[in-house]
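Chemist: Quick one: sequence and predicted model below, then my questions.
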Amino acid sequence: MNIAIIGYGKMGKEVEKILSERGHAISKIIDIETHDMDLGNSDVAIIFSAPKSVYKHIINCLDSKVAVVCGSTGWTEKLEDSVNYCKSVGGSFIFSPNFSIGVNLFFKLNNFLGKIMKNHSDYRLEILEKHHTEKVDKPSGTAIKLANDIILNSNYSEWTTDNNVDQKTFNIKSIREGEIKGYHEVEYISENDSIKICHNANRRHSFAFGAVLSAEFIFGKKGVYSIDDVINNLKI
C-alpha cells in the first residue's frame, strides 16, 4: 500500500518504522511545516497530528479519496461531523482514541467489570491516567472512553475532573510527568477493600502497530469502522 503519515512527531516516526518493516510505501509525510497537502497516490492516511488540525486533515483525505485512520485525541467534538462527511462522500474512516490491541482488550475488561459493579453502591469509582509532559489533551481520550463506557454499563451518569463527586458522578485524575507512554487505571474502592484493573504501555510501538493494522484492514473498503472491527478480523 501507499500510506501517508499526517503528524510527524514521536507517533508518526514510530508509524514510519512499522510501515517500512511491513513492506508498505510511504507516499507522503505531512507535519506542521508542510504546506503542500496533495496526497498524490496515497491509499490510506494515518493521522496522529495536533488536535486543532485533525478535522481539516480528515476532510482533505476524504475529498482526495484516501481512507483515514485517525488516532489523534482532543478533537472529538468534530467526530460526528467527520463520520457524517465520510458517509456522504462514500469514504473510509476509522477513529480510535487508542489503537493499542492491549488497550482495546482492556476496554472490554472495563465494560465487564462495570456491569458487575453496577449494583454495588458501597464502592466508589476513580479513574487515573498518567502520560508524558508533552501530551496536550487532558484527560486522555482513552480515559474518556473508559469513563463513557462505564456510564453506559452502570448507574453513574457523569464524570468530572474535580473532586466534586456524588453517587452519580466519579472522578478522572490526570498526571503529566516524565516520559510515561500511557498508564490507565480503573479502581472501585470501599471501606473494606478495593478492586483495580490497569493498563501500562511500555513503548509506543503498540499504538503505532495497531494503527498500521487498521490501515491494512481498511484498504479497499468503504464505510466507517471501529478498532473492534480490526481486532475481530485479526489472524495473528
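Modeler: Happy to help now that I have it.

Chemist: ok, the residue sitting nearest the centre point of the chain - contacts?
Modeler: Residue closest to the average C-alpha location in the chain (CA atoms, centre = their mean): residue 97, at 1.3 Å. Residues near residue 97 by CB atoms under 8 Å, 6 or more residues apart in numbering: 71, 73, 76, 140-142, 144-145. (Each C-beta comes from the backbone N, C-alpha and C, glycine too.)

Chemist: Just the ones of those in helices?
Modeler: Cross-referencing the contacts of residue 97 against helices under DSSP state H gives 141-142, 144-145.

Chemist: Ends of stretch 88-98, what's the gap?
Modeler: 26 Å (CA to CA, to the nearest Å).

Chemist: Let me know the average pLDDT across that stretch.
Modeler: The average pLDDT within stretch 88-98 is 95.

Chemist: Show me what counts as buried in it.
Modeler: By neighbour count on 16 or more other CB atoms under 10 Å, the buried set for stretch 88-98 is 91-98.

Chemist: now, which of those residues sits nearest residue 162?
Modeler: residue 97 (21.9 Å; CB to CB).

Chemist: Helix, strand, or coil at the closest one?
Modeler: Three-state assignment for residue 97 (DSSP: H, G, I helix; E, B strand; the rest coil): coil.

Chemist: quick one: which of the ones in helices among the contacts of residue 97 is most hemmed in?
Modeler: Of all these, the most densely surrounded is residue 142 (25 neighbours; neighbours counted as other CB atoms under 10 Å).

Chemist: my guess is that one contacts residue 129, does it?
Modeler: Yes - if you go by CB atoms under 8 Å, residue 142 and residue 129 touch, sitting 6.8 Å apart.

Chemist: anything in contact with each of these two?
Modeler: Residues touching both residue 142 and residue 129 by CB under 8 Å, 6+ apart: 182, 184.

Chemist: And the helix or strand bottoming out on mean pLDDT in the chain, how far out from the chain middle?
Modeler: The least trusted helix or strand in the chain, going by mean pLDDT, DSSP states H and E, turns out to be helix 227-233, with a mean of 90. From the chain centre to the centre of helix 227-233 is a distance of 14 Å (CA atoms, centre = their mean, to the nearest Å).

Chemist: residue ranges of the helices in the protein, please?
Modeler: 10-21, 51-63, 79-89, 101-116, 141-153, 205-218, 227-233.
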